[in-house]
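Student: Pasting a predicted model and its sequence here:
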Amino acid sequence: MENIKFKPLDKERIIISADRLTRFKETETKYLRVFRDILTHNLISPKYKKPEIDEMDYWRLKNIAEYVINSSLKILSPDTKPDLLINRRLLECEKSVFNCDEKTDMLLNNKINYNAIIKLFPSEVPLNLKWLKMLSVSDNPFKDSFLHALHFPVKKLVICEGITEEILLPEFSRILDYDFDKFGVHLISAGGKNQVVRLYYSYADILKIPIFVLLDSDAGKNYEEILPRLRQEDKIYILDHGEFEDMLPEKLVEKTLNYSIENISLSPSEDCDRTCGMVHYLEEYFKKRGAHEFKKSDFAQAVKLNISGEEDVSDEFRNIINSLREM
C-alpha cells in the first residue's frame, strides 16, 4: 500500500460510511457501495475509472478502502488502537442475518478501526451506530441490545403494504409488550400489495431470519403469488376484512379526529358513509368539514399520539402481534 496516494476522509464521511455499513441492508450491496465510493472520490493514485472499480477483485477493493479509512482515522484519532473484537462481532451478526458467500466474506473480513470511528460519534446517533458502540464495550451485546432497545441485530423482518402499518404496528406492539427495537424486529413498508410480493421474493433469497408478511384482505392473488416460494420459517397474515385502517377501534378514531380537527360540528358517526371502509370515510369526513386533505401518514401519526393503552388495541391487532411473536 506504500504507493497509494489518497485524499483523507473527513469525520463526517467516516461516520456516514460506518452508518451505511451497519444498516439493515444486504451485506454485499452495502459494503461494495461504501468501498467503491471511497476509491472513486478519495483515491488519487493509482487512479481507476469507474468500470475498473466496479470490476475490481473484492480482496483488493477491501484492502484499499480499509487502508484509506484507517489512514484517515490516524489523522482524526491518532491514539486510538483498533479492537478487532468489534470486527468479529460485526461479521458474526451479518452472517447470522444474511446469506454470505465467499466473496462477501472477503468484504466482511476487514480490519477497519471501528474503535477509532466510535470516538468520533456525536452524542446522538441512530440505533445501528449505538449498536456498533455497544459491540465495543459490552460483555454480552445481545442481552444489552435487548435491554437498551437497540434494534440490532435484526432477528425478524416484517413486510407490510403501507405507511399506516409502518407507523402504528410498532406502537401497538410496544403497548402489548413486544417492542420491535427490543426484540430485533425490522419493518419495511412496501408501498402496495404488488410491491410486497417483489420485496418478499428479494429478501427470501438473501435472508436467514424469518419474514412476516402482512396483507390486506383483498390481497388473495398476492398471497397465492408468495405461497409457492414461502420458506418454512416465514408466515403470511391476511387481515380478516378491509385494510389496516379498518382495524382501528372506533373510539380511537373518534379521539383522533377530535384531536386533529378543532370545532367539529358533527360527531364522527354522523353524516359520512361508513360502508365503504375507513379510508373512504376519513377522506369524506375531512372533505365535508373543509379541513386539510386527508393523508394516511398524517392521520396515522395523530392516531399514534392518541393511543393511551391496551384498550386502544383491537382484537385483530392482537392476533397480528401474537402471530408475529410466535414465529
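Tutor: Nice, thanks for sending it over. Residues are numbered from 1 along each chain as shown.

Student: which residues sit against stretch 293-304?
Tutor: 162-164, 167-168, 171, 245, 248, 252-253, 256, 259-260, 279, 282-283, 285-287 (C-beta atoms under 8 Å, 6 or more residues apart in numbering). C-beta coordinates here come from the backbone N, C-alpha and C atoms, glycine included.

Student: quick one: it to chain centroid distance?
Tutor: 21 Å (C-alpha atoms, centre = their mean, to the nearest Å).

Student: what about the longest helix in the protein?
Tutor: Ranked by residue count under DSSP state H, the longest helix found in the chain is helix 58-76.

Student: right, and the helix or strand after that one?
Tutor: helix 84-97 (DSSP states H and E).

Student: Tell me the buried residues in that next one?
Tutor: The neighbour-count check on helix 84-97 (16 or more other C-beta atoms under 10 Å) flags 86-87, 89-91, 93-94, 97 as buried.

Student: could I get those as TSV with distance to residue 144 and pLDDT?
Tutor: TSV is the format used below for these (distance: C-beta to C-beta, whole Å; pLDDT from 0 to 100):
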residue	distance to residue 144	pLDDT
86	14	96
87	18	97
89	12	96
90	15	96
91	19	96
93	13	95
94	19	97
97	18	97
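
Student: Kindly export the longest helix of the chain (C-alpha atoms) in PDB.
Tutor: Written as PDB, here are the backbone C-alpha positions of helix 58-76 (Å, rounded to 0.1, in the frame of the first residue of the first chain):
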ATOM      1  CA  TYR A  58     -13.200  -7.900  -3.800                       C
ATOM      2  CA  TRP A  59     -10.000  -8.500  -1.800                       C
ATOM      3  CA  ARG A  60      -8.100  -5.700  -3.400                       C
ATOM      4  CA  LEU A  61     -11.100  -3.400  -3.100                       C
ATOM      5  CA  LYS A  62     -11.500  -4.100   0.600                       C
ATOM      6  CA  ASN A  63      -7.700  -3.700   1.300                       C
ATOM      7  CA  ILE A  64      -7.500  -0.300  -0.400                       C
ATOM      8  CA  ALA A  65     -10.700   1.000   1.200                       C
ATOM      9  CA  GLU A  66      -9.600  -0.300   4.600                       C
ATOM     10  CA  TYR A  67      -6.200   1.400   4.200                       C
ATOM     11  CA  VAL A  68      -7.800   4.800   3.300                       C
ATOM     12  CA  ILE A  69     -10.200   4.600   6.200                       C
ATOM     13  CA  ASN A  70      -7.600   3.600   8.800                       C
ATOM     14  CA  SER A  71      -5.100   6.100   7.500                       C
ATOM     15  CA  SER A  72      -7.700   8.900   7.700                       C
ATOM     16  CA  LEU A  73      -8.500   7.800  11.300                       C
ATOM     17  CA  LYS A  74      -4.800   8.100  12.300                       C
ATOM     18  CA  ILE A  75      -5.200  11.800  11.400                       C
ATOM     19  CA  LEU A  76      -8.500  12.300  13.200                       C
END
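
Student: for it, packing partners?
Tutor: helix 11-22, helix 27-42, helix 102-108, helix 114-119 (3 or more C-beta pairs under 8 Å, 6 or more residues apart in numbering; DSSP states H and E).

Student: Tell me the spatial nearest neighbour of residue 185, not counting adjacent residues.
Tutor: residue 156 (4.8 Å; C-beta to C-beta, 6 or more residues apart in numbering).

Student: Could you do residue 307 as well?
Tutor: Closest to residue 307 by C-beta to C-beta, 6+ apart is residue 171, at 5.9 Å.

Student: measure that neighbour to residue 16 for me?
Tutor: 29 Å (C-beta to C-beta, to the nearest Å).

Student: More neighbours: which of those two?
Tutor: Comparing residue 171 with residue 16 by other C-beta atoms under 10 Å, the one with more neighbours is residue 171, at 18 against 14.

Student: That one contacts residue 305, doesn't it?
Tutor: No - using C-beta atoms under 8 Å as the test, residue 171 is too far from residue 305 to be in contact (9.7 Å).

Student: returning to that earlier point: among the contacts of stretch 293-304, which are located in helices?
Tutor: Filtering the contacts of stretch 293-304 for helices - DSSP H - leaves 163-164, 167-168, 171, 252-253, 256, 259-260, 279, 282-283, 285-287.

Student: and the closest residue to residue 213 other than its chain neighbours, what are its phi and psi?
Tutor: For residue 213, ignoring the flanking residues on the chain, the nearest one in space by C-beta to C-beta, 6+ apart is residue 236 at 4.5 Å. Backbone torsions for residue 236, taken as degrees, to the nearest 10, come to phi -120, psi 130.

Student: Brilliant, that's me finished.
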